[in-house]
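Chemist: Sequence and predicted structure, then a few things I'm wondering about:
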Amino acid sequence: MRRRDFLGVLGSAAVTWPLAARAQQSAMPVIGFLSIRSQGDEPHLLTAFHQGLKEVDYVAGQNVTMEYRWAEGQSGRLPAMAADLVHREVAVIAATPTLAALAAKAATATIPIVFETGADPVKIGLVASLNKPGGNVTGVTQLNNEIAPKRLELLHELIPTATVMALLVNPADPTIAEANSSAVVSAAHRLGLELHVLNASSERDFDTVFANLIQLRAGGLVIGGGALFNTRIEQLAALTAHYAVPAVFETREFVTAGGLMSYGASIADAYRLAGVYTGRILKGEKPAELPVQQAAKVELYINLKTAKALGITVPLPLSGRADEIIE
């Protein structure tokens, strides 16, 4: 081969290789990841989602592409973000938690959706039933509504002398608020406790809520679920410390931020299961045929340093049941 011809072949290859690489990348399926959270919040949850994908042979950047949309705690941004993912024709949308899932469902009836939620997906209209979701939506639900009464029971076990308790809910998230209220009120009656249900629709309401707790002489606080509270965990933990209120929430992050105790389904496990379902859909399975899973792993965390600051002695039977004691 003459030198000129060789250089011509080499030059055409130099052009072809980048084009081939780009073509291969563009041929990868695209997952749209829609979240109410901020980028960088609780990175272990995103790690768990990718672990689930890996369990079904998908690795971001190798054989699948990710398109992330973070609402940064602003639920009003979710509909436009969901619509953008639909416009980009992603292969599947992974939406977390409840408000993101509802926004995705409202945006498309054709693109498969995998949700992660602490609510009852049937009651909030995500699926027709747990066993037969129907349509283009399936996912993972936690047991947090079902185990909300247990949080009050644990708080009562930790502070048996307290006869007045409070429950914080977000009335702007009525499905979760009503489920939490009904379950915890029933538990309070069973335990012989006086329970006050307090409302916060935005973080501007938090100071008023905690001031009311002092006036009510509440011995403890159960913080309900939902996006408002899940995206302001550090703020809530700081307020419970400032007002010296023993409180229990559903996630470990509340305890690591200085809150007293948490009891709830493992959100990381729910994200992992959502990743598995997302990968299975990429392989051709239909959402309508994938029953909604329940993240059944439940975890108890206690912050011993916070307990000491509040003058609380953690009973040995309770500390013995904890998944982790944080000191």
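Modeler: Structure received. Numbers count the residues shown, from 1 in each chain.

Chemist: To what extent is residue 308 buried, counted in neighbours?
Modeler: Residue 308 is flanked by 12 other residues according to other Cβ atoms under 10 Å. C-betas here are computed from N, CA, C, even on glycine.

Chemist: And residue 298, by the same measure?
Modeler: 18.

Chemist: Identify the residue nearest it in space, chain neighbours excluded?
Modeler: residue 265 (5.6 Å; Cβ to Cβ, 6 or more residues apart in numbering).

Chemist: can you map out the helices along the stretch 151-300 of the chain?
Modeler: 174-191, 206-216, 227-230, 233-242, 252-256, 267-282 (DSSP state H, counting those that start in this stretch).

Chemist: Output the fifth one as PDB, nothing but the C-alphas.
Modeler: Coordinates of the C-alpha atoms in helix 252-256 are reproduced here as PDB (Å, rounded to 0.1, in the frame of the first residue of the first chain):
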ATOM      1  CA  ARG A 252     -31.600   6.500  59.900                       C
ATOM      2  CA  GLU A 253     -30.600   9.900  58.500                       C
ATOM      3  CA  PHE A 254     -32.700  11.600  61.200                       C
ATOM      4  CA  VAL A 255     -30.600   9.800  63.900                       C
ATOM      5  CA  THR A 256     -27.300  10.500  62.300                       C
END
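
Chemist: residue contacts, the residue nearest to residue 298?
Modeler: 118, 142-144, 147, 250, 295-299 (Cβ atoms under 8 Å, 6 or more residues apart in numbering).

Chemist: What of residue 147?
Modeler: Under the criterion of Cβ under 8 Å, 6+ apart, the neighbours of residue 147 are 263-265, 298.

Chemist: Mind telling me what element it is part of?
Modeler: Per DSSP states H and E, residue 147 falls inside helix 144-158.

Chemist: distance between that helix and the chain's centre?
Modeler: 19 Å (Cα atoms, centre = their mean, to the nearest Å).

Chemist: now stretch 172-185
Modeler: 17 Å.

Chemist: Low-confidence regions, the protein specifically.
Modeler: For the chain, residues meeting the criterion pLDDT under 70 lie at 1-26, 143-145.

Chemist: got the CA positions of the helix holding residue 147 in PDB?
Modeler: Taking C-alpha atoms only, helix 144-158 is exported to PDB below (Å, rounded to 0.1, in the frame of the first residue of the first chain):
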ATOM      1  CA  ASN A 144     -44.000   2.900  56.800                       C
ATOM      2  CA  ASN A 145     -47.700   3.600  57.000                       C
ATOM      3  CA  GLU A 146     -48.300   0.100  58.400                       C
ATOM      4  CA  ILE A 147     -45.500   0.500  61.000                       C
ATOM      5  CA  ALA A 148     -46.300   4.100  62.000                       C
ATOM      6  CA  PRO A 149     -48.000   3.000  65.200                       C
ATOM      7  CA  LYS A 150     -44.900   1.100  66.200                       C
ATOM      8  CA  ARG A 151     -43.000   4.400  66.300                       C
ATOM      9  CA  LEU A 152     -45.300   5.600  69.000                       C
ATOM     10  CA  GLU A 153     -45.000   2.300  70.900                       C
ATOM     11  CA  LEU A 154     -41.200   2.600  70.800                       C
ATOM     12  CA  LEU A 155     -41.300   6.200  72.000                       C
ATOM     13  CA  HIS A 156     -43.600   5.100  74.800                       C
ATOM     14  CA  GLU A 157     -41.200   2.300  75.700                       C
ATOM     15  CA  LEU A 158     -38.400   4.700  75.800                       C
END
